[in-house]
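[1] next comes the sequence, and after it the predicted model I'd like to discuss.
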Amino acid sequence: MSIDEVSMKTLHLLEQSDQKRNEPYLMISTNISHGSLRRKIGEFNTQTTGLIMTMKDETIFQGFVRVHMNLLRPVNVVAGERPLSILENVGNSVDSKRSRTSFFLPLGTVKALHVKSDTTVQEVIEALLKKYKIADNPRKFALFESYQEQDNHVILRRMSDVEKPLMLRLLWGGADIKHSFSLQENETGDIVWEVFSTPELENFVKILEKEEEEHIAMVREKYRIFKEKLQQEMKELGILVPTDEKATSKSTNNKDDSTESAA
């Protein structure tokens with residue numbers, strides 16, 4: 001079982017109303033003729049309520065792409081680097097090369113990047129990691145094109161490293177609200193544990209143990225409150241409330257121990 005399957009952060013995602021399913025990889029053509037490029041950019045700018053695009057020269061244009069940071073596992077920042085304040089510290093570790101600090105990036109964090117039409121997916125990923133001062137290998141991450149259907153299903157398509165996000169954003173249109181970009185862990189199957197360092201793996205274990213304890217405490221508190229409400233309802237109805245057998249047994253054992261000690 002992978003970390004994502006047992007992580008409380010994953011459970012948080014699964015409890016949301018939107019249902020997600022991964023689509024097989026499909027290369028999307030983003031070729032636009034030179035004659036229609038300026039027209040499309042003009043149409044985009046008149047429809048968008050946010051960030052506009054501008055021509056840099058006859059074939060290259062520039063603009064912004066918004067990327068949703070949907071990372072379930074902690075990321076590493078090299079010691080000495082000051083991470084962004086939105087990162088949640090989950091522990092420090094030291095390996096044979098350098099000291100690292102692990103952080104959780106809050107789910108749903110959105111970052112706007114200024115890019116050109118020839119900027120590739122791989123370059124976008126590297127720029128995002130640099131912005132957040134993340135020291136992890138870029139191969140651990142992948143950029144996804146997200147599309148929300150009318151039935152609230154969200155289709156995620158893993159983008160190729162050589163695709164051009166800004167070109168794709170232009171094709172979506174300025175008024176589009178159903179498409180978005182999402183940075184996630186590069187999951188092409190089972191997790192390749194060899195990619196992670198020993199300190200990272202140790203941090204995963206600590207995080208899982210902490211989440212397990214929190215989840216057990218939540219379940220116990222839920223049933224404690226339910227029990228109190230049930231007992232209160234029974235009292236109001238004049239029903240005899242049964243005693244707690246465990247508490248009674250513990251009390252009896254304590255009395256027996258005291259009697260034996262006195263004897």
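    Alright, I've got the coordinates.

[2] show me what the helix or strand containing residue 167 is packed against.
    Following DSSP states H and E, one finds residue 167 within helix 165-172. Under the contact criterion of 3 or more CB pairs under 8 Å, 6 or more residues apart in numbering; DSSP states H and E, helix 165-172 touches helix 34-47, strand 61-69, strand 109-116, strand 179-185. C-beta coordinates here come from the backbone N, C-alpha and C atoms, glycine included.

[3] low-scoring stretches of the stretch 51-200 of the chain, by residue?
    79-100, 188-195 (pLDDT under 70).

[4] quick one, the helix holding residue 167 and helix 34-47 angle?
    Interaxial angle, helix 165-172 versus helix 34-47 (axes from the mean of the first three to the mean of the last three CA atoms, to 10 degrees): 70 degrees.

[5] give me the buried positions along helix 165-172.
    By neighbour count on 16 or more other CB atoms under 10 Å, the buried set for helix 165-172 is 165-170.

[6] what is the top helix by length along the chain packed up against?
    Ranked by residue count, the top helix of the chain under DSSP state H comes out as helix 198-236. If you count contacts as 3+ CB pairs under 8 Å, 6+ apart, helix 198-236 packs onto helix 3-6, helix 8-14, strand 88-94, strand 99-104.

[7] quick check: buried residues in that helix?
    199-200, 203-204, 207, 211.

[8] residue 129 contacts residue 136, doesn't it?
    Yes. Between residue 129 and residue 136 there is a contact under CB atoms under 8 Å: 6.9 Å.

[9] start to end distance for stretch 172-182?
    End-to-end distance for stretch 172-182, by CA to CA, to the nearest Å: 15 Å.

[10] should've said stretch 101-121
    Terminal residues of stretch 101-121 are spaced 26 Å apart (CA to CA).

[11] list the buried residues in that stretch.
    Buried residues in stretch 101-121 (16+ other CB under 10 Å): 101-105, 109, 111, 113, 115, 117, 119-121.

[12] for those, give me JSON lines that also has distance to residue 237.
    Below are the buried residues of stretch 101-121 laid out as JSON lines (distance: CB to CB, whole Å):
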{"residue": "101", "distance to residue 237": "56"}
{"residue": "102", "distance to residue 237": "53"}
{"residue": "103", "distance to residue 237": "52"}
{"residue": "104", "distance to residue 237": "47"}
{"residue": "105", "distance to residue 237": "51"}
{"residue": "109", "distance to residue 237": "50"}
{"residue": "111", "distance to residue 237": "57"}
{"residue": "113", "distance to residue 237": "63"}
{"residue": "115", "distance to residue 237": "67"}
{"residue": "117", "distance to residue 237": "72"}
{"residue": "119", "distance to residue 237": "69"}
{"residue": "120", "distance to residue 237": "69"}
{"residue": "121", "distance to residue 237": "64"}
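
[13] for the residues you listed, which one is nearest residue 47?
    Nearest to residue 47, judged by CB to CB, of the buried residues of stretch 101-121 is residue 117 at 17.9 Å.

[14] mind listing what that closest one touches?
    Taking CB atoms under 8 Å, 6 or more residues apart in numbering, we find residue 117 in contact with 60-62, 164, 166-167, 170.

[15] if we go to 6 Å?
    Residues in contact with residue 117 (CB atoms under 6 Å, 6 or more residues apart in numbering) are 60-61, 166-167.

[16] ditto for residue 112
    Contacts of residue 112 were listed using CB under 6 Å, 6+ apart, and they are 64, 66.

[17] ok, residue 107 next?
    Contacts of residue 107 (CB under 6 Å, 6+ apart): residue 70.

[18] let's have the buried residues of helix 165-172 in JSON lines, adding distance to residue 184.
    Conversion of the buried residues of helix 165-172 to JSON lines gives the following (distance: CB to CB, whole Å):
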{"residue": "165", "distance to residue 184": "15"}
{"residue": "166", "distance to residue 184": "20"}
{"residue": "167", "distance to residue 184": "21"}
{"residue": "168", "distance to residue 184": "17"}
{"residue": "169", "distance to residue 184": "18"}
{"residue": "170", "distance to residue 184": "23"}
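
[19] sounds good, over and out.
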